[in-house]
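Peer 1: predicted model and sequence below, questions to follow.
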Amino acid sequence: MKMKSFLAMALIISAFSVMAVETPAPALVIPQAVLDLHTKMCPEYKTADGEYLQKVAFKLPGTEYAAEGSTLYILGCEMYAYNSLEKAYIVNSYETKTVSIAEVLTDGSIVATNDLMGSGFDPSNNTLGTFQKGRGMGDCGSSATYIYNAYETRFVLIEARVKENCDGEVTEWPVVYKK
């Protein structure tokens, strides 16, 4: 009796899934200026049909001077075994620019880069994060968090973590910079 009930329920569910029409998500339209910049920075990173493996866009907040805000585009550039490299671009009514961030190196020095390793954006608090493992097990590497400054249309480093010693201990990496 239980088997018949299960089969009947399975048939009902499959019938509804056949009737349901899935609406595809709208395709992300990347501005030509962004594509031109990205092609210069990552000329070999496309699939055979010309699509980038990662592409996302987020609306960034505006200011009283530019209420419409900007759009952040993140496009994939390279893939590795357990890390990825992305480039990000900010577009608004008056400019298209590559995102540059401050990166804290293992010796504590800070350099500017436009390489975003393992990046992600959280629109709820306008933060950009990066994450790079030194080894697959995650016992060493670096991560950083940046907050968007709408007045300067840039991301500002608020925290960086680096664990240089790949010692087999998977622990929280130490904070080496905090704003």
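Peer 2: Cool, got the structure. All values derive from a computational prediction rather than experimental measurement.

Peer 1: only C-alpha atoms for contact and neighbour calcs from this point on.
Peer 2: Fine.

Peer 1: the helices in the protein, which residues?
Peer 2: Chain-ordered helices for the chain, with DSSP state H as the definition, fall at 2-19, 32-41.

Peer 1: tell me the pLDDT at the residue nearest to the spatial centre of the chain?
Peer 2: Within the chain, one residue has its C-alpha closest to the average C-alpha position: by CA atoms, centre = their mean, that is residue 120, at 2.8 Å. Looking at residue 120, its pLDDT is 94.

Peer 1: ok, now residue 171?
Peer 2: Taken from the predicted model, the pLDDT recorded for residue 171 is 87.

Peer 1: which residue packs closest to it, ignoring adjacent ones?
Peer 2: On the basis of CA to CA, 6 or more residues apart in numbering, the spatially nearest residue to residue 171 that is not a chain neighbour turns out to be residue 139, at 6.8 Å.

Peer 1: would you confirm that the one you found contacts residue 132?
Peer 2: No. Under the criterion of CA atoms under 8 Å, residue 139 lies out of contact with residue 132, with a separation of 10.9 Å.

Peer 1: let me see the contact set for the residue nearest to the centre of the chain.
Peer 2: For residue 120, the contact set (CA atoms under 8 Å, 6 or more residues apart in numbering) comprises 128, 129, 130.

Peer 1: check residue 105 too.
Peer 2: Going by CA under 8 Å, 6+ apart, the list of residues near residue 105 reads 111, 162.

Peer 1: quick revisit: adding neighbour count, distance to residue 81 and pLDDT, write the contacts of residue 120 out as TSV.
Peer 2: Formatted as TSV, the entries for those read as follows, by neighbours: other CA atoms under 10 Å; distance: CA to CA, whole Å; pLDDT from 0 to 100:
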residue	neighbour count	distance to residue 81	pLDDT
128	20	22	97
129	20	19	97
130	21	16	96
